[in-house]
Structure formats: structure tokens, C-alpha cells
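**Student:** I need the structure of the sequence given here:
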Amino acid sequence: MRVVNLAEKLSLFDTHWDPKVVADYNGNDIMVVKFAGEFPFHQHPDTDDFFLVLEGEVLLDVEDRTHVLRPGELFVVPAGVRHRPRAAAEARVLLIEPKGTPNTGNAATAAAKARI
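**Tutor:** A predicted model of the protein is given here:
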């Protein structure tokens, strides 16, 4: 058991679209990530995708609609739904996914999830 300071963890890296695991919860990875620009459209066939904006603004394109997420707002994309996050300026986000879930929905193109 330990306290995790999200701002401190986010200060440890400068990369974008590179999720870092900061804690474990019931078989899930709790991660922080920085968004800038556009991530490719993708889907997760077997799991929902959880986004909580900590800082900045995220545009979340979900099928044919765009949702604007601001600090303190979260969105859950249901399993199998095509989506992509994007951010005009850097945004800082907390993600929760089952361990081993590739961030692109495809293990071959997914970023490694380092623990910090």
C-alpha cells in the first residue's frame, strides 16, 4: 500500500501516447498518459476504455460523434466501439484498463506500458 501522487508521476516523462502504470486495482492497470495530437482510431473488442482528464482538454471521437472532456470529466467507451482521443494542446489523462490490454486494441502496434 502506498500513496501515488499523479502530478509527480506525470512529471517523470515527456512522451505522448505512452501510458505509464502507476498502480494496480483488481486486475487492472491504472495509468497516466500525456496526449498531444491525434491517436489512431481503434477499438477494444473485449473491454471498455476509461478516460479521466486531469489537465487540459481531450476531444474523444466515438464513432460519428465528438465528445469534449475537460479536467475532472471522465468517459467510458464501451467494448467494441471505434474511437480515438485527440488533443490540440497537451492533456494529462488517467486511464484504467485490464492488465495486458493493448492501447491500440492490437498487441502488434501497442505501446509498452512501463511502470513508474
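
**Student:** okay, and the residue nearest in space to the middle of the chain sits in which element?
**Tutor:** Closest residue to the average C-alpha location of the chain: residue 95 at 4.1 Å, with CA atoms, centre = their mean. Element membership of residue 95 [criterion: DSSP states H and E] is strand 83-98.

**Student:** in that strand, what counts as buried?
**Tutor:** 83-87, 91-97 (16 or more other CB atoms under 10 Å). The way it works is simple: take the backbone N, C-alpha and C, and place the C-beta from them, glycine included.

**Student:** how about these, which pair is most distant?
**Tutor:** The most widely separated members of the buried residues of strand 83-98, counting by CB to CB, are 86 and 96 (19.8 Å).

**Student:** still on that earlier bit, so for the next helix or strand after the strand holding residue 95, what's the average pLDDT?
**Tutor:** Moving toward the C-terminus from strand 83-98, the next helix or strand (DSSP H and E) is strand 114-115. Model confidence over strand 114-115, given as mean pLDDT, is 88.

**Student:** and for stretch 79-96?
**Tutor:** Mean predicted confidence for stretch 79-96 is 97.

**Student:** please save the CA atoms from that stretch in CSV.
**Tutor:** Extracted in CSV, the C-alpha atoms of stretch 79-96 (Å, rounded to 0.1, in the frame of the first residue of the first chain):
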residue,chain,number,x,y,z
ALA,A,79,-16.1,-2.6,-25.6
GLY,A,80,-16.1,-2.9,-29.4
VAL,A,81,-16.8,0.8,-30.1
ARG,A,82,-14.4,2.5,-32.5
HIS,A,83,-12.9,5.7,-31.0
ARG,A,84,-9.9,7.9,-30.9
PRO,A,85,-8.7,10.6,-28.4
ARG,A,86,-7.0,13.8,-29.6
ALA,A,87,-5.7,17.0,-28.0
ALA,A,88,-4.8,20.3,-29.7
ALA,A,89,-2.5,21.1,-26.7
GLU,A,90,-1.0,18.6,-24.2
ALA,A,91,-3.6,17.0,-22.0
ARG,A,92,-2.9,14.7,-19.0
VAL,A,93,-5.2,11.7,-18.5
LEU,A,94,-5.7,8.8,-16.2
LEU,A,95,-6.6,5.5,-17.8
ILE,A,96,-7.9,2.2,-16.4
